[in-house]
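In: Below is the structure, and that's it, no one-letter string:
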């Protein structure tokens, strides 16, 4: 079960990264180009929110069944996890930053829905989705992606 969930989590991450990139570029283009907010923009923002939340749920399951997640903290202790960069990445940094990413995407989506005109809608999406993209890129386990 662990390898299946890890496989899904790894591949779904590409979709999340792609959608965050597309949504950020789309909202920035709308903001800079002073475009009118269209149903297409809403669908891109919504789909980004959905794939991010699905990834969070998959990651949450993975955290509890992975030998590098909660089990690692239980086995070696938190002080040992914090001393080891790889252990810390998988058990603490990656999960914490990705929770922040989900919060940023959710807040950005919620704030943009409350705005009535296009400029503020695009601004909310640009700020929050760009921050989410930056945080995501900062804590992807790149060594695992390219191995």
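Out: Structure received. In this text the structure is predicted, and so the values were computed from the model without any measurement. Numbers count the residues shown, from 1 in each chain.
In: Next up, the contacts around the residue nearest to the spatial centre of the chain.
Out: The residue lying closest to the centre of the chain (Cα atoms, centre = their mean) is residue 101, at 4.5 Å. Residues in contact with residue 101 (Cβ atoms under 8 Å, 6 or more residues apart in numbering) are 52, 132, 135, 136. For the C-beta atoms, the positions are set from N, CA and C on the backbone; glycine is no exception.
In: Could you check which helix or strand contains the third one?
Out: The secondary structure element spanning residue 135 is helix 118-138 (assigned by DSSP states H and E).
In: who are the neighbours of that helix, in terms of helices and strands?
Out: Under the contact criterion of 3 or more Cβ pairs under 8 Å, 6 or more residues apart in numbering; DSSP states H and E, helix 118-138 touches helix 2-32, helix 39-65, helix 94-114.
In: mind putting those in JSON lines, mean pLDDT and distance to residue 86 included?
Out: Formatted as JSON lines, the helices and strands packed on helix 118-138 follow (pLDDT from 0 to 100; distance: least, Cβ to Cβ, whole Å):
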{"stretch": "helix 2-32", "mean pLDDT": "95", "distance to residue 86": "15"}
{"stretch": "helix 39-65", "mean pLDDT": "97", "distance to residue 86": "15"}
{"stretch": "helix 94-114", "mean pLDDT": "97", "distance to residue 86": "11"}
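In: Put together TSV for these, with distance to residue 121 on each row.
Out: Shown next, in TSV, are the helices and strands packed on helix 118-138 (distance: least, Cβ to Cβ, whole Å):
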stretch	distance to residue 121
helix 2-32	8
helix 39-65	8
helix 94-114	5
